[in-house]
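Visitor: need a structure here:
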Amino acid sequence: MKEIVYHVAISLDGFIAQSNGQAEGFLPEGPHVSDYLEALDEYDIAIMGRRTYEYGYSFGLKPGQNPYPHMQTHVFSQRLALPAKAENQIQCVRHHYLEKVKELRAGTGRPIYLCGGGTFAGLLMDHGLVDRLVLKINPVSFGQGIPLWKCQHARIQRFILASQKRYDNGVLLLDYRRN
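Guide: So this is what the prediction gives:
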């Protein structure tokens, strides 16, 4: 069974983006970025919500294009608009999100990269489907924004700190595994 890893940048006050969905304030350069890019090779599937996928448009990503060409990418959205071309490089999951995630998780191979966002991650957390949290804590506070996850059901979930790395620029990388 594949593990699902929520690998994400986060502010000191627990947000993955500002309220408008932007990520200004996160440190865009430094050794933590090189480590992140290298870590992407550990995954063979990427899963995300619509807003996380569409955020890539501001960096030149085109609708239907795969932001992670070496990974099979699934965007979970009922409203994502994609070209009606057969060349779409991603899979858009419009219904039965949990069933599709469980199907992907049942496969073999490298872990699944959950790259966002807060609502989609909350759904998976609600159902105990996140196995690891890799948090890149940036030395910035947003005051408000999109939380790490938005759960619909309150329940305690325990994780154990497996490793940590401190960068000279103030970023802290924490790797937690489900207890």
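Visitor: how near is Asp13 to Asn138?
Guide: Taking C-beta to C-beta, to the nearest Å as the measure, Asp13 falls 11 Å from Asn138. In this view, the C-beta of every residue, glycine as well, is placed from N, C-alpha and C.
Visitor: Leu161 now?
Guide: Between Leu161 and Asn138 the computed distance is 18 Å (C-beta to C-beta).
Visitor: and if you look at Gly116?
Guide: 15 Å.
Visitor: residue boundaries of the helices in the chain?
Guide: 31-39, 50-55, 97-105, 118-126 (DSSP state H).
Visitor: Let me know which of the ones you listed is the nearest to Asn179.
Guide: Asn179 lies closest to helix 118-126 among the helices of the chain, at 13.9 Å (C-beta to C-beta).
Visitor: report the angle between the axes of that closest one and helix 97-105?
Guide: The directions of helix 118-126 and helix 97-105 differ by 70 degrees, with axes from the mean of the first three to the mean of the last three C-alpha atoms, to 10 degrees as the criterion.
Visitor: name the helices or strands packed onto helix 118-126?
Guide: strand 4-10, strand 45-49, helix 97-105, strand 112-116 (3 or more C-beta pairs under 8 Å, 6 or more residues apart in numbering; DSSP states H and E).
Visitor: For the longest one, list the C-alpha coordinates in CSV.
Guide: When you say that, I think you mean helix 97-105. What follows is helix 97-105, C-alpha atoms only, in CSV (Å, rounded to 0.1, in the frame of the first residue of the first chain):
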residue,chain,number,x,y,z
TYR,A,97,-13.0,11.4,-4.3
LEU,A,98,-12.4,9.1,-1.4
GLU,A,99,-12.8,6.0,-3.6
LYS,A,100,-10.3,7.3,-6.1
VAL,A,101,-7.8,8.1,-3.4
LYS,A,102,-8.2,4.7,-1.9
GLU,A,103,-7.7,3.1,-5.3
LEU,A,104,-4.5,5.0,-5.9
ARG,A,105,-3.3,4.2,-2.4
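Visitor: So which elements touch it?
Guide: Using 3+ C-beta pairs under 8 Å, 6+ apart, helix 97-105 sits against strand 45-49, strand 72-76, helix 118-126.
Visitor: can you list contacts of the last one?
Guide: Going back to what we said before, that points to helix 118-126. With C-beta atoms under 8 Å, 6 or more residues apart in numbering as the test, helix 118-126 has contacts from 4, 6, 8, 16-17, 47-49, 51-52, 76, 97-98, 101, 114, 130, 146-153, 155, 157.
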